[in-house]
Structure formats: C-alpha cells, structure tokens
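Engineer: predicted model follows, preceded by the sequence.
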Amino acid sequence: MKMNTPPVSPDPVMEGENEDIDIGDIEEVIELDDNTDLNEAADRLIGPSEDEQIGDSEEAESNTDMAALIFSKHKGSVFTCCISPTGSIAASGGEDDLAYVWDIISGNIIFTCTGHKDSVTQVCFSHDGTLLATGDYGGYIQVWKLATSTKIWEFEIGDLGWMTWHHGSHVLLAGTEEGEIWMWLVPQGNTRTFPSFGTASQCGTFMQDGKRGASGYEDGSVRVFDLKSGQVLQQWGGETTQAGSVVSLATHKDNTLVIAGSIDGSARLLNTNNGKVSRHVLAQGCGSSQLAWHPSEPILFSAGLDGVSRSYDARSGEPLAKYSGHSQSVLALDIARDGSVLLSSSDDGTVRVFKLT
C-alpha cells in the first residue's frame, strides 16, 4: 500500500447508514489521490489554531486604514509634517524637494514652497501660526509668511538635522550633522551659534520656559543648555540614556521632563531638575522615528517603522491605541494643540490625518 493511499473504507453495514446527508452541511470536499499531501488536507479540515487566528486578526488590524484623510501630492518619501496652531492647516516636506501647505480637512493645497535643491526634511509653524519654516537636508532654510504665501527670510548652514520654533517668539533653532546648533531671530536675522561636541546633533527642542534648549546626539548623549549663556546645564551620556543614537526629543509641559527616543524604539524619561533618568518608559520593538507628547494628557505617541503610530500611557508605559494605514515606515508625526488630530508622514509617499477625539 502506498503511504498516501487513503485507508480502506469501513464495513458498509453500519448503524445509521440510511440517514440522509444534507449537502448544505458539507463545507469543503477534498479529493484525495496518490499526490495528496495528507498533512495539508488535515490542516484545511481542522482550520487555523486559536493563536493563528489571533495573529491573523492582529495583522488585519495593523493593515486597516484608519485615516480620516490621505494627502498624496508628494512624489517619494515624506520626511516631515506638522499642524498649524489653529489646527486647520498642515505642512509636509519630502523627497521631491518640495513642501506643501494644505487644508487639513479637504486636503486642498494652499501653496507650494519651492526653491529647495534637496529633500525637505523639516517643516514647522511658528507659535502664532503666521510663519512656516522649511529646511532641506543640505541645510537651506526658508521662512514663509502664510498670509501672503511669500518667502520672507532664508539662510544656509551645514547638513540639517532638525529645526524648531520658540514657544513664544519668532526665534528659530536648528542643529546640524556637524554638531553645531544655530539660533536666529526671524526675519531680522540676528544669529547665534552653539559649539559642536564632535557628534551629530540629530534632534532638539526648546524647553517650555523658553530659556533653555535641549539636543540629542548621534553618540547617545543628551544635553540641556542655557540659550543666553550657552552653558551646558545637564548632560546624559550615551550609556546612561540610550543604547544607540538619540533621534527624537520631546519636552513635557511641566518644563521638567524630556523624553528621549532612539531608532530601536526604546525611550527614557529624563528629569532636567535633578538630572535623573526616571525610568524606561516604553519599548516599541519595530523601531521608532519620533516621539511626541499629547498636549494635555500623560500620553506619548510613537511613529513606528512598521507603518503604525501608537500611543502609550506615559506613567505605566502601557499601550493605548494604534493608528494604522501607512504601507511603509512612519517618518514623522505631529499632534494638534487641542489633541483632536494626529498627523503622520511616511516612506509610502503619503501624509495621513487621524482623528483622536
């Protein structure tokens, strides 16, 4: 007998042999022959296990597009995105050397920021929403007046790592791959520089008091410095803060806590009052490109390299929600000031708008 020959049928004289079979009860007919794989046939009959069903369900959930709006005007990866203080306008910049300003409800383009000769990697609105700064990887920075859709200021530095506005004035702060940090009063152009520590400045921010700045570096260090004197007030070495380079910094509204994230998805909470590393907050196994605080709640948002953004309880590190729809890595995200909207941009060439409330 061949190994895959079906067994001999049982004695045809058996109880219930005359009972009718409802053809509707048959879910699948599997015809067996000498080439049939019995293990595969059994799997088809038995169906997936409970663990497999859960896995399939989670995969389906991660593939569900939860976006309320998709902006797809860019050609190539979209490296940066932000929401205006009013919450009605968004900006994004990408591999196509362009930045777009667009309506966050309709997706209609308001105006296009041209003139860059490299990928636009930074866009950010001023605190009052009147100005937009756009910067490309090569270090060319332009500032646009939204009311007239015109450029009012420009400057060029080394390869740009990050850029952000002051919380209460038209002061722009930026860091470079060479490790220098620049600060300007816009559009007057008053300029100040802070020295390099021999490693790339990959991310940075103003502290909430507006008197201090913070930067995360390629060697894993984080420094908080006085904007007036330039003095370093706190410093955490690479081994103390991160296993790898720091790619994201976000300050809490309490003016004390800074969350520092690395590309592997790990994050630590730093206390700028006493210099302590409070605890390991979260670990996103897929890797993360950016972290952001909710404007009013103890919630952290993480941009996942698996194409999904996630929110976490900052007190416990417990996951709260997922925001899926991108088909490739999420490269940047932003949260509206009222906490109602999450904006994310991706390697898939789109920017997606997600409703939080």
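Structural biologist: Yep, it's here.

Engineer: name the helix or strand for the nearest residue to Asn271 once chain neighbours are set aside, please.
Structural biologist: Nearest non-adjacent residue to Asn271, counting by CB to CB, 6 or more residues apart in numbering: Ser278, 5.6 Å away. Yep, even glycine has a C-beta here, placed from its N, CA and C like the rest. If you go by DSSP states H and E, Ser278 is part of strand 277-283.

Engineer: who are the packing partners of whichever helix or strand comes after that strand?
Structural biologist: Per DSSP H and E, the first helix or strand lying C-terminal to strand 277-283 is strand 288-293. Helices and strands touching strand 288-293, by 3 or more CB pairs under 8 Å, 6 or more residues apart in numbering; DSSP states H and E, are strand 246-251, strand 257-262, strand 299-304, strand 330-335.

Engineer: at 10 Å what do you get?
Structural biologist: Other elements packing on strand 288-293 under the criterion 3 or more CB pairs under 10 Å, 6 or more residues apart in numbering; DSSP states H and E are strand 246-251, strand 257-262, strand 266-271, strand 277-283, strand 299-304, strand 309-313, strand 330-335, strand 341-346.

Engineer: so which of those gets nearest Pro187?
Structural biologist: strand 330-335 (24.0 Å; CB to CB).

Engineer: render the CA-only coordinates of the closest one in PDB, please.
Structural biologist: Extracted in PDB, the C-alpha atoms of strand 330-335 (Å, rounded to 0.1, in the frame of the first residue of the first chain):
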ATOM      1  CA  VAL A 330       6.200  56.300   9.600                       C
ATOM      2  CA  LEU A 331       8.900  59.000   9.500                       C
ATOM      3  CA  ALA A 332       7.300  61.900  11.400                       C
ATOM      4  CA  LEU A 333       4.200  62.800  13.300                       C
ATOM      5  CA  ASP A 334       2.500  65.800  15.000                       C
ATOM      6  CA  ILE A 335      -0.400  66.300  17.400                       C
END
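
Engineer: mind listing the strands for the stretch 51-200 of the chain?
Structural biologist: Applying DSSP state E, counting those that start in this stretch to the stretch 51-200 of the chain gives strands spanning 69-71, 78-83, 89-94, 99-103, 109-113, 120-125, 131-136, 140-145, 150-156, 160-165, 171-176, 181-185, 190-194.

Engineer: redo the ones you listed as CSV? Include mean neighbour count and distance to Asp313.
Structural biologist: Below are the strands of the stretch 51-200 of the chain laid out as CSV (neighbours: other CB atoms under 10 Å; distance: least, CB to CB, whole Å):
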stretch, mean neighbour count, distance to Asp313
strand 69-71, 19, 27
strand 78-83, 26, 23
strand 89-94, 26, 27
strand 99-103, 22, 32
strand 109-113, 15, 36
strand 120-125, 24, 27
strand 131-136, 26, 32
strand 140-145, 20, 36
strand 150-156, 14, 40
strand 160-165, 23, 26
strand 171-176, 23, 30
strand 181-185, 20, 32
strand 190-194, 14, 35
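
Engineer: quick one: closest of those strands to Asp254.
Structural biologist: Of all these, strand 160-165 comes closest under CB to CB, at 18.6 Å.

Engineer: report the strands that pair with that closest one, each with its relative direction.
Structural biologist: strand 171-176 (antiparallel) (DSSP bridges).

Engineer: residue contacts, the residue nearest the centre of the chain?
Structural biologist: By CA atoms, centre = their mean, the chain has its centre lying nearest to Ala303, at 2.2 Å. When contacts are counted by CB atoms under 10 Å, 6 or more residues apart in numbering, Ala303 touches 248, 261, 284, 287-292, 309-310, 323, 326, 329-334, 342, 344-346.

Engineer: and if we set it to 7 Å?
Structural biologist: Ser288, Ser289, Gln290, Ser309, Val330, Leu331, Ala332, Leu333, Ser344 (CB atoms under 7 Å, 6 or more residues apart in numbering).
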